[in-house]
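Asks: I'll drop the sequence and a predicted model, then ask my questions.
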Amino acid sequence: MTLDIEKIRKDFPILERETRPGVRVTYLDSTATSQKPVQVIEAMNDYYRRSNANIHRGVHTLAEEATSMYESAREKIAKFINASSSREVIYTRNTTESINLIAYSWGRANLKTGDLVILTEMEHHSNLVPWHMLQAERGIELEFIPVTEDGLLDLETYKTLLDRRPKLVSFTHMSNVLGTINPAAEIIRMGHEVGAVVLVDGAQSVPHLKVDMQTLDADFYAFSAHKMCGPTGIGALYGKTVLLESMPPFLGGGDMIKEVKLRSFRPNTLPHKFEAGTPAIAEAVGFGAAVDYLSTVGMERIAAHEHEVTEYALDRLEEIPGVKLFGPSADKKGGVAAFTLEGVHPHDVAQILDQDGIAVRAGHHCAQPLHEKFGIPATSRASFYLYNTKEEVDLLVSGIYKVKEMFG
Ligand SMILES: Cc1ncc(COP(=O)(O)O)c(C=O)c1O
């Protein structure tokens, strides 16, 4: 079951990088964006070297090849999340755009003044601001499933909120700060029982867990390629066919139409209805290669490896006097360790660690309300992926001791 970590690390050329002479990078920021294996970099290079052309429009060989590569990546992504058809996978720019697509298209067609949308207190700004914008425009109501002291969702309160018959429930499958893996299937089932549509922010779950649209039964599911070994600039929105077909288009222009007259248009069929203009073709190819890479390594093995590293990290960090960890225990979370160090600002922690090549993030991680809930402006966050090792955790721990020394 274990990963051949040495072999895996060799796939990621950047891990050999020295950020200063003699200081090799220790990359602990995969929650922000993951590193890319050569398999992805080469797939994109090959596309540009051999097959570059615009898609869906040409009959020449290169155009056909580019189209087939773009569409076969979609097939791979659909299979990876076990969608029932690749028509249910819409390419977007990222998770943020996927959620905005729902707020714009489904939201404006289905939500009116007074309608309730349930979110949670642990959402990324991507799953808050689109709903704030819709609230200002439509007068919808927003309620939030509270986060408990130990970083879990309070499902008792969720049950009570459901009595108010929400139209939409939208929540993150895995928190980018607390690492909490939420019981998605249960939250979705409970939402469906009162007739709500359920959208899941899968930005952190798809890269790290095996997700299955058939078992989860989410109506919409959003994720980004760049957090799962793929390139930036492309993401996906999964949606059930019946819902996507009922929705108006998002952006208008080329490719998303069947027919255009001077004064009208007919939208294209799925999935093209939601993909206006020339898309990120090389990025789609890279997205497909990333999915191939993760599938070859095996999502279960990746999750097990991350669990081992995270458990070790939490144990070691907990031992450091003055370190306070946020979020639940390792058995309820993914590879994220957000912490504060008494008397030191998180930015100073990150900056000093960087001198030893250790890359962690500091700030509110686009989850300001969650930090407010815990009464802190910021945390430092180390996050782990398939290429991280316990030795890197040791470097982090030594680095934090060094920070403590410097701050007396
Ligand atoms: C939980 C969660 N949702 C949404 C996003 C937004 O992802 P993107 O910037 O790729 O749109 C992130 C990114 O960190 C995230 O962690």
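Replies: Received it, and whenever you're ready, just let me know what you need.

Asks: low-scoring stretches of this protein, by residue?
Replies: By pLDDT under 70, the low-scoring segments of the chain are 1.

Asks: residues from it in reach of the ligand?
Replies: N94, T95, T96, H124, S126, T172, N176, D201, A203, Q204, S224, G235 (Cβ under 6 Å from any ligand atom). C-beta here means a position set from N, CA and C on the backbone, and glycine is covered the same way.

Asks: can we see that at 8 Å?
Replies: 31-33, 93-99, 123-127, 172, 174-176, 201, 203-204, 222, 224, 226-227, 232, 235, 365-367 (Cβ under 8 Å from any ligand atom).

Asks: narrow these to those in strands?
Replies: Using DSSP state E, the subset of the residues of the chain next to the ligand located in strands is T172, D201, A222, S224, G235.

Asks: compare those residues and tell me which is most surrounded.
Replies: Greatest neighbour count in these, by other Cβ atoms under 10 Å, goes to A222: 32 neighbours.

Asks: mind checking which of the residues of the chain next to the ligand are buried?
Replies: 31, 33, 93-99, 123-124, 126-127, 172, 174-176, 201, 203-204, 222, 224, 226-227, 232, 235, 365-367 (16 or more other Cβ atoms under 10 Å).

Asks: which ones among these map onto helices?
Replies: Taking DSSP state H, the ones among those that sit in helices are T95, T96, E97, S98, I99.

Asks: residue contacts, the nearest residue in space to G253 that is not next to it in sequence?
Replies: Nearest residue to G253, sequence neighbours excluded (Cβ to Cβ, 6 or more residues apart in numbering): A276, at 4.0 Å. If a contact means Cβ atoms under 8 Å, 6 or more residues apart in numbering, then A276 has P249, F250, L251, G252, G253, G254, D255, M256 as its contacts.

Asks: change it to 10 Å
Replies: With contacts defined as Cβ atoms under 10 Å, 6 or more residues apart in numbering, the neighbours of A276 are P249, F250, L251, G252, G253, G254, D255, M256, I257, N268.

Asks: can you check M256 too?
Replies: P249, F250, F265, P267, N268, P271, H272, K273, F274, E275, A276, G277.

Asks: tell me which helix or strand the closest residue to it other than its chain neighbours sits in.
Replies: Here the nearest residue to M256 in space, its sequence neighbours aside, is A276; by Cβ to Cβ, 6+ apart that works out to 4.3 Å. Of the helices and strands defined by DSSP states H and E, none includes A276.

Asks: same question for the one 3 residues further on.
Replies: For P279, there is no enclosing helix or strand under DSSP H and E.

Asks: if we ignore the residues flanking it in sequence, what's nearest it?
Replies: Nearest non-adjacent residue to P279 (Cβ to Cβ, 6+ apart): Y91, at 5.7 Å.

Asks: L370 against L119, yeah?
Replies: No - L370 lies out of contact with L119 (Cβ atoms under 10 Å); the separation is 11.6 Å.

Asks: burial check on A109, number of neighbours?
Replies: 10.

Asks: tell me which residues touch it, please.
Replies: S246, M247, P248.

Asks: now do the same contact list for H56.
Replies: 63-64, 66-67, 70-71, 254-255, 268, 272, 275, 278-279.

Asks: if we can go back for a sec, phi and psi next, for the residue nearest to G253.
Replies: Taking degrees, to the nearest 10, you get phi -90, psi 140 for the backbone angles of A276.

Asks: secondary structure class for V260?
Replies: For V260, the assignment made with DSSP: H, G, I helix; E, B strand; the rest coil gives strand.

Asks: got phi/psi on the closest residue to it other than its chain neighbours?
Replies: Once flanking residues are discounted, V260 sits nearest to R266: 7.9 Å by Cβ to Cβ, 6+ apart. Dihedral angles of R266 (phi, psi; degrees, to the nearest 10) stand at phi -120, psi 130.

Asks: pretty sure R266 sits against G252.
Replies: No - if you go by Cβ under 10 Å, R266 and G252 don't touch, sitting 11.9 Å apart.

Asks: looking at these two, which is more packed in?
Replies: Just comparing R266 and G252: by other Cβ under 10 Å the higher neighbour count belongs to G252, 13 against 9.

Asks: I'd say that one and P267 touch.
Replies: Yes - using Cβ under 10 Å, G252 is in contact with P267, at 8.9 Å.

Asks: shared neighbours, those two?
Replies: By Cβ under 10 Å, 6+ apart, no residue touches both G252 and P267.

Asks: nearest residue to the most centrally placed residue in the chain other than its sequence neighbours?
Replies: Taking Cα atoms, centre = their mean, the centroid of the chain lies closest to A203, which sits 1.2 Å from it. Nearest non-adjacent residue to A203, counting by Cβ to Cβ, 6+ apart: T95, 4.1 Å away.

Asks: kindly report the same for H364.
Replies: H371 is the one closest to H364 (Cβ to Cβ, 6+ apart), at 4.8 Å.

Asks: surely the one you found touches A362?
Replies: No - using Cβ under 10 Å, H371 is not in contact with A362; the gap is 11.6 Å.

Asks: any residues in contact with both of these two?
Replies: With Cβ under 10 Å, 6+ apart as the test, H371 and A362 both reach A338, A378, T379.

Asks: can you spell out the domain ranges of the chain, please?
Replies: Using automatic domain parsing, the domain parsing of the chain gives 5-30+299-406, 41-296.

Asks: my read: R20 touches I358, true?
Replies: No - contact criterion Cβ under 10 Å: R20 and I358 do not qualify, at 11.7 Å.

Asks: show me the strands in the stretch 51-200 of the chain, by range?
Replies: Secondary structure of the stretch 51-200 of the chain (DSSP state E, counting those that start in this stretch): strands located at 89-92, 116-120, 141-145, 168-172, 197-201.

Asks: any idea how far A222 lies from T120?
Replies: The spacing between A222 and T120, counted by Cβ to Cβ, to the nearest Å, is 15 Å.

Asks: buried stuff in stretch 276-296?
Replies: 276, 279-294.

Asks: also stretch 168-185?
Replies: 168-182, 184.

Asks: again, but for stretch 336-343
Replies: V336, A337, A338, F339, T340, L341.

Asks: which among those gets closest to E392?
Replies: Nearest to E392, judged by Cβ to Cβ, of the buried residues of stretch 336-343 is A337 at 12.0 Å.

Asks: could you point out which element follows the helix or strand where the closest one lies?
Replies: If you go by DSSP H and E, A337 is part of strand 336-341. Using DSSP H and E, the next helix or strand after strand 336-341 towards the C-terminus is helix 346-355.
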